[in-house]
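In: what's the 3D shape of this:
(one chain, ligands or ions: 1)
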Amino acid sequence: MTSSVAVLSDVHGNAVALEAVLAELAVDPPELIVLGGDLTWGPLPHETAQLLQALPAPALLVRGNAERALFERRAEKPRERWLIDTHTDDDMAFLRRAEEGVTVDVAGLGPVRFCHGSPRSDEELITPATPEERLAAAVAGRPERVVVSAHTHLQFDRRAAGIRSVNPGSVGMPYAWEPGAYWAVLGPDVDLRRTEYDVERAVTAYRQTDDPLAEQMAEILLSPPTPDEVIAHAEGLEFSG
Ligand SMILES: [Mn+2]
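Out: Now for the predicted structure:
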């Protein structure tokens, strides 16, 4: 039984945001950290991977669609080539610890399943508006009654389809009204967190990289899509990729 689990997902290479969350975690370390995937796929991949290798608690890694793309070394676009080239061998060795999903028995919550998109796909888009029927299909066969997903960059805590569907939001690329790094602590309840950090510093750091998408990533940080826009888009697609 684990008393407290910090969940950090979708860092997307924003080492500045991650640093702020880790500073908060260092003050009051959880028993365990679960990293929910899409960690280094962004403008500061190596800096992000280095921070993740010095966490203040033991960590389990869930594989996101971005880690899968790195492992497959798919490089059809300049951005993909840049990301593959920018990860060091050590960065890749760390990411290769990632599992498709992990289950942790959390005090007050019972067995919790952590996944990236949904238990059945790292590209499934689960939002607070996902119809109960699709949510039930997405978790079919899983015994856990609490399912923590990521991937949509939306923070929520919802009871539906006989489960508690939780998303900690995104540390480095949130789709939210308020700027900041979004994450969560589980045990004994679900505590959704937001940590303020210097977004301008992240934007400046992005613009100093050779990331072909640096400017777009900076613009998303400065004016992200609204949650309503993201929900409408995601529910239209159901699966990304
Ligand atoms: Mn993803």
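In: ok, and for the helix or strand hosting R113, which residues are buried?
Out: R113 belongs to strand 110-114 when assigned by DSSP states H and E. If you call a residue buried by 16 or more other CB atoms under 10 Å, then strand 110-114 has these buried ones: V112, R113, F114. All C-beta spots, glycine's among them, are computed from the backbone N, C-alpha and C.
In: tell me which of those residues is nearest to the ion?
Out: F114 (13.7 Å; CB to the ion).
In: Now do the contacts for the closest one.
Out: F114 sits next to V7, V34, G36, L60, V62, G101, V102, T103, V104, V148 when contact means CB atoms under 8 Å, 6 or more residues apart in numbering.
In: Check the gap between it and T103 for me.
Out: 7 Å (CB to CB, to the nearest Å).
In: re earlier: could you dump the contacts of F114 to TSV with neighbour count and distance to L237?
Out: Listed next are these as TSV, based on neighbours: other CB atoms under 10 Å; distance: CB to CB, whole Å:
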residue	neighbour count	distance to L237
V7	28	24
V34	26	26
G36	31	20
L60	18	28
V62	26	21
G101	23	21
V102	19	26
T103	16	27
V104	22	29
V148	30	21
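In: what sits opposite V166 in the beta ladder?
Out: Per DSSP bridges, residues listed as beta-bridge partners of V166: V148, D157.
In: can you count the residues close to it?
Out: Using other CB atoms under 10 Å, V166 has 25 other residues around it.
In: One more: R145?
Out: 15.
In: confidence score at it?
Out: Model confidence at R145, given as pLDDT, is 98.
In: so it makes contact with R164?
Out: Yes: with contacts counted by CB atoms under 8 Å, R145 reaches R164, the gap being 6.5 Å.
In: which residues of the protein fall in strands?
Out: Using DSSP state E, the strands of the chain run over 5-8, 32-35, 59-61, 102-106, 110-114, 146-148, 155-160, 163-168, 181-186, 190-195.
In: Flag every residue of this protein that's near the ion.
Out: D38, G64, N65, H151 (CB under 5 Å from the ion).
In: Excluding sequence neighbours, find me the nearest residue to the third one.
Out: For N65, the nearest residue in space outside its immediate sequence neighbours is D122; the separation is 4.5 Å by CB to CB, 6 or more residues apart in numbering.
In: Distance of that neighbour relative to D189?
Out: Taking CB to CB, one finds D122 at 27 Å from D189.
In: For stretch 123-131, which residues meet the burial criterion?
Out: So for stretch 123-131, counting by 16+ other CB under 10 Å, buried means E123, E124, L125, I126, T127, T130.
In: For the ion, state which of these is nearest.
Out: E123 (7.3 Å).
In: List the residues that contact the residue nearest to H153 when sequence neighbours are not counted.
Out: Nearest residue to H153 in three dimensions, chain neighbours excluded: S170, at 3.9 Å (CB to CB, 6+ apart). Residues near S170 by CB under 8 Å, 6+ apart: S9, D10, V11, H12, A150, H153, Q155, Y182.
In: before we move on, back to that, considering the contacts of F114, which is situated nearest to P43?
Out: G36 (19.4 Å; CB to CB).
In: Could you pull up the residues touching that closest one?
Out: Neighbouring residues of G36 by CB under 8 Å, 6+ apart: 7-10, 62, 64, 114-116, 148-150, 168.
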